[in-house]
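In: fold the following, please.
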Amino acid sequence: MALGVLVIFYLAICVISIGGFLALYLVKNERVKKVVFYILSVWGIALAALQAVSLPMNWTGQRVATMGLGALCVVSLALYLTAKSRGQRTAACLLLTIATAVMILRFVF
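Out: As a prediction, this is how the structure comes out:
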């Protein structure tokens, strides 16, 4: 029973993240894209915190790596906020996508 709930939890994380990625790249309206980016960056930071807290205390290397991925989400948010051109916003979106995708893969595997 408990493993079934855990699988549903992992599937929900994957579906929410993939839906966020699709919305981030397929939406044409810049205002909606900005909101999706903010939500997805908070989602990435929350995933990093959840993953770091769920690891044992003596797995310091994995915890630091996970918090580093959360820091990448914060960096992408700062880059997006200070972006002057569309290319910089796209780079921030790619950085956020890579950091969140790696966190999802670390959750599952």
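In: the nearest residue in space to residue 95 that is not next to it in sequence: what's it in contact with?
Out: Distances taken as CB to CB, 6 or more residues apart in numbering place residue 76 nearest to residue 95, at 4.1 Å, with adjacent residues excluded. All C-beta atoms are positioned from the backbone trio N, CA, C, and that covers glycine. Contacts for residue 76 (CB atoms under 8 Å, 6 or more residues apart in numbering) come out as 41, 92, 93, 95, 96, 99.
In: quick check, residue 45 in contact with residue 72.
Out: No - contact criterion CB atoms under 8 Å: residue 45 and residue 72 do not qualify, at 9.8 Å.
In: this protein: helices as residue ranges?
Out: 2-26, 30-54, 60-81, 86-108 (DSSP state H).
In: burial check on the closest residue to residue 38 other than its chain neighbours, number of neighbours?
Out: Excluding its sequence neighbours, the residue lying closest to residue 38 (CB to CB, 6+ apart) is residue 77, at 7.6 Å. Neighbourhood size, residue 77 [other CB atoms under 10 Å]: 20.
In: what of residue 11?
Out: Residue 11 has 11 neighbours, counted by other CB under 10 Å.
In: any idea how far residue 107 is from it?
Out: 11 Å (CB to CB, to the nearest Å).
In: okay, and for this structure, where does confidence drop off?
Out: Applying pLDDT under 70 to the chain flags no residue at all.
In: switch the cut-off to 80
Out: For the chain, applying pLDDT under 80 flags the ranges 1.
In: list the contacts for residue 88?
Out: Applying CB under 8 Å, 6+ apart to residue 88 gives the contacts 79, 80, 82.
In: out of those residues, who's nearest residue 65?
Out: Among those, residue 79 lies closest to residue 65 (CB to CB), at 20.7 Å.
In: close enough to count as contact, that closest one and residue 93?
Out: No - the criterion here is CB under 8 Å, and residue 79 misses it with residue 93 at 9.5 Å.
In: out of the contacts of residue 88, who has the most neighbours?
Out: Ranking those using other CB under 10 Å puts residue 80 first, with 20 neighbours.
In: residues near the residue nearest to that residue when sequence neighbours are not counted, how many?
Out: Once flanking residues are discounted, residue 80 sits nearest to residue 92: 3.8 Å by CB to CB, 6+ apart. Per other CB under 10 Å, the neighbour tally for residue 92 reads 21.
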